[in-house]
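Colleague: Predicted model and sequence below, questions to follow.
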Amino acid sequence: MKIILQFGLLVTAALVSSNAAPAQREGPVPTQVLVTVDAKSTPPENASAVIVSVNDHKGPLTAWESVVPGNAQVALLIDDGLRESVGRELDNLRKFVRTLPPGVEVLVGFMQFGRVVSQQPFSTDHELAASTLHLPDGLPGMSASPYLCLSDFVKHWPVAGSSSDGNEIGTASRHKARFVLMLSDGVDPYNGSTSIMNQDSPYVAAAVTDAQRAGVAVYTIYYGGAGMRGDSANNSGQSYLAQLTQGTGGINYWQGSGNPVSMAPFLAQFQHAVAETYIATFNAPMGNNPQRDMVRVKFSAAKTKLHAPEEVRPGNQE
């Protein structure tokens, strides 16, 4: 009787365990990546024109769809430690937000002390979003690190209708194509010296990985920060911004070692890049840890230059 009772308990425990934790999916799973077509290239017409390499194994796409305004979110993140001279760009930034295509959800946030602070959630009310733009505080190191701010933001990507502090305001939306346009000097003060010999920051690497897992394409515009001057800081920051954008499939916009004469051309290029972005769907192998495992991806098409993240989380299709 004792043996039968123990067997019954084991069977019951197994049934409870199987009900509590669904079986791990095995084999290839649908995966999506944002792929941007170079401005000078002709976009591929369909999925058959694009080849994806997953962990160095080439295969076909299952779908190739353009990102439409109603399925796009743009977060404009501004380092609150930028030099006050960025004030001359406020009109350009307001015009950029106002002229986003109707249907695009936009959020304006300021990077402060390791997080992003915004006055309104993602919204299609571009006029409202533009009204929240203001002059940065201009204090050296105000963001703590732009990469810590970015990591926190993409890991807690706000849903439409929720504020930056997580309080619910409206109804959550489905996962849409996610873009970040970040204005920063790119310097990581947490990594110590800005010497060219010290260009291996774990915080930059973490921001790249966090954005990849969240499916966020990060674009950047270089602008000098308060208290950060000299070629050493400029080169260090631009190097990190290039690493960030290359890893996530975005573009780093910069003009020499100084601040851009005007951000307007860069803002126009970003808008064009979003309009030329496609959602590529393909099958990728699922690992033992779906929330952590990543695969390397590369995309190619005849006579076309494509921008895409270097790694992606399998099974991220939502």
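Modeller: That came in fine, so what should we check first? Please read all numbers here as calculations on a predicted model, not as lab measurements.
Colleague: pLDDT value on the closest residue to residue 119 other than its chain neighbours, please?
Modeller: Leaving aside its sequence neighbours, residue 119 sits nearest to residue 132 (CB to CB, 6 or more residues apart in numbering; 4.4 Å). To be clear about C-beta, it is placed using only N, CA and C from the backbone, and glycine gets the same treatment. pLDDT recorded at residue 132 is 97.
Colleague: for residue 132, phi and psi?
Modeller: Residue 132 adopts backbone torsions of phi -90, psi 0, taken as degrees, to the nearest 10.
Colleague: Could you do residue 29 as well?
Modeller: phi -130, psi 150.
Colleague: now do residue 262
Modeller: Per degrees, to the nearest 10, the backbone of residue 262 is at phi -150, psi 140.
Colleague: How about it: what's its closest non-neighbour residue?
Modeller: residue 92 (6.6 Å).
Colleague: Quickly note the distance from the one you found to residue 79.
Modeller: Relative to residue 79, residue 92 is positioned 16 Å away (CB to CB, to the nearest Å).
Colleague: Ok, residue 244 next?
Modeller: 13 Å.
Colleague: any idea how this protein splits into domains?
Modeller: 5-66+277-312, 70-262 (automatic domain parsing).
Colleague: Figure out which of those is closest to residue 271.
Modeller: domain 70-262 (7.1 Å; CB to CB).
Colleague: Can you give me the end-to-end span of that closest one?
Modeller: 29 Å (CA to CA, to the nearest Å).
Colleague: Numbering from 311 from now on, please.
Modeller: I'll keep to 311 as the first residue from here, and by that count the last item is domain 380-572.
Colleague: Distance from that domain to the middle of the chain?
Modeller: Offset of domain 380-572 from its chain centre (CA atoms, centre = their mean, to the nearest Å): 10 Å.
Colleague: One more: stretch 557-574?
Modeller: 16 Å.
Colleague: That stretch spans what distance, first to last residue?
Modeller: 25 Å.
Colleague: quick one: average pLDDT of it?
Modeller: Here the average pLDDT along stretch 557-574 is 89.
Colleague: So which bits of that stretch are buried?
Modeller: 557-564, 569-570, 573 (16 or more other CB atoms under 10 Å).
Colleague: Now secondary structure too, for the residues you listed, in a markdown table please.
Modeller: Below are the buried residues of stretch 557-574 laid out as a markdown table (DSSP: H, G, I helix; E, B strand; the rest coil):
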| residue | secondary structure |
| --- | --- |
| 557 | helix |
| 558 | helix |
| 559 | coil |
| 560 | coil |
| 561 | coil |
| 562 | strand |
| 563 | strand |
| 564 | coil |
| 569 | coil |
| 570 | coil |
| 573 | coil |
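Colleague: List just the nearest of the residues you listed to residue 409.
Modeller: Looking across these and measuring by CB to CB, the closest to residue 409 is residue 573, at 13.7 Å.
Colleague: Tell me where this protein has helices.
Modeller: All helices of the chain, identified by DSSP state H, fall at 312-330, 400-408, 436-441, 456-465, 512-524, 541-558, 574-585.
Colleague: Dump the ones you listed into a markdown table; add distance to residue 373 as well.
Modeller: Putting the helices of the chain into a markdown table (distance: least, CB to CB, whole Å) gives the following:
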| stretch | distance to residue 373 |
| --- | --- |
| helix 312-330 | 33 |
| helix 400-408 | 30 |
| helix 436-441 | 29 |
| helix 456-465 | 24 |
| helix 512-524 | 20 |
| helix 541-558 | 21 |
| helix 574-585 | 19 |
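Colleague: Of the ones you listed, flag the one that's most buried.
Modeller: helix 456-465 (a mean of 24; mean count of other CB atoms under 10 Å).
Colleague: Now that one: average pLDDT?
Modeller: 96.
Colleague: That helix vs helix 512-524, what angle?
Modeller: Here helix 456-465 runs at an angle of 20 degrees relative to helix 512-524 (axes from the mean of the first three to the mean of the last three CA atoms, to 10 degrees).
Colleague: For helix 456-465, name the packing helices and strands.
Modeller: strand 382-389, strand 415-422, strand 425-428, strand 487-494, helix 512-524, helix 541-558 (3 or more CB pairs under 8 Å, 6 or more residues apart in numbering; DSSP states H and E).
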